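Visitor: coordinates only, sequence not included:
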């Protein structure tokens with residue numbers, strides 16, 4: 001007898017669970033455009049169009065190029081100094097160490113070295129490539145989504161609103177701005 005009661009009780013409980021599951025299946029809480037638990041209205045979304053706006057912004061861009069230039073070695077200052085030193089050595093050796101000849105030789109050597117540098121005979125020309133770069137701001141434009149135009153149905157009436165977000169399949173009524 002005890003087992004018959006348990007079987008009957010288990011059957012009743014399983015039937016109640018199955019009936020509850022069947023009643024809740026196939027129904028979304030938003031299917032009727034209304035959330036009965038909270039008293040809020042939900043609209044079914046038919047179509048969503050993003051509203052785009054062109055936004056201007058600047059981007060720093062590095063631009064580089066190669067410059068070719070000539071570099072001259074051994075300018076007139078260097079040639080005059082070298083000529084003066086050589087003239088002083090020659091004057092000192094020729095005079096046997098007397099100061100006047102040493103000074104005269106230094107002056108004469110400096111003048112000759114300077115003249116050689118001016119003529120270009122003492123210069124060495126070298127070509128080199130120099131890489132130059134600069135950063136400039138480049139203007140750009142971009143389309144950005146600023147809002148969404150939403151077509152929806154609520155209580156059998158079709159309407160359009162603007163939302164700051166993509167609502168998905170449903171949205172709560174009263175949260176958008178209606179077009180008029």
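Guide: Yep, that arrived. These figures come from a predicted structure and were not determined experimentally.

Visitor: Show me what counts as buried in the helix or strand that contains residue 128.
Guide: For residue 128, the host element (DSSP states H and E) is strand 124-154. The neighbour-count check on strand 124-154 (16 or more other CB atoms under 10 Å) flags 147, 148, 150, 152, 154 as buried. Yep, even glycine has a C-beta here, placed from its N, CA and C like the rest.

Visitor: Phi first, then psi, for residue 168.
Guide: phi 90, psi -140 (degrees, to the nearest 10).

Visitor: That one and residue 161: what is the separation?
Guide: Per CB to CB, to the nearest Å, residue 168 is found 14 Å from residue 161.

Visitor: do the same with residue 128
Guide: 68 Å.

Visitor: Kindly report the same for residue 143.
Guide: 22 Å.

Visitor: Equivalent analysis for residue 69, please.
Guide: The separation that residue 69 has from residue 161, given CB to CB, amounts to 66 Å.

Visitor: Among those two, which residue is more densely surrounded?
Guide: When residue 69 and residue 161 are compared on other CB atoms under 10 Å, the one with more neighbours turns out to be residue 161, at 21 against 9.

Visitor: Checking that one next. Helix, strand or coil?
Guide: strand (DSSP: H, G, I helix; E, B strand; the rest coil).

Visitor: Report all helices and strands that the top strand by length along the chain contacts.
Guide: For the chain, the longest strand by residue count, based on DSSP state E, is strand 40-73. Helices and strands touching strand 40-73, by 3 or more CB pairs under 8 Å, 6 or more residues apart in numbering; DSSP states H and E, are strand 34-35, strand 124-154, strand 157-163, strand 170-172.

Visitor: closest one to residue 65 among the ones you listed?
Guide: In terms of CB to CB, the element of those nearest to residue 65 is strand 124-154, at 5.7 Å.

Visitor: For that closest one, which strands pair with it and how are they oriented?
Guide: strand 40-73 (antiparallel), strand 157-163 (antiparallel) (DSSP bridges).

Visitor: Out of these, which gets nearest to residue 136?
Guide: strand 40-73 (6.0 Å).

Visitor: Show me what counts as buried in that closest one.
Guide: 42, 43, 45, 48.
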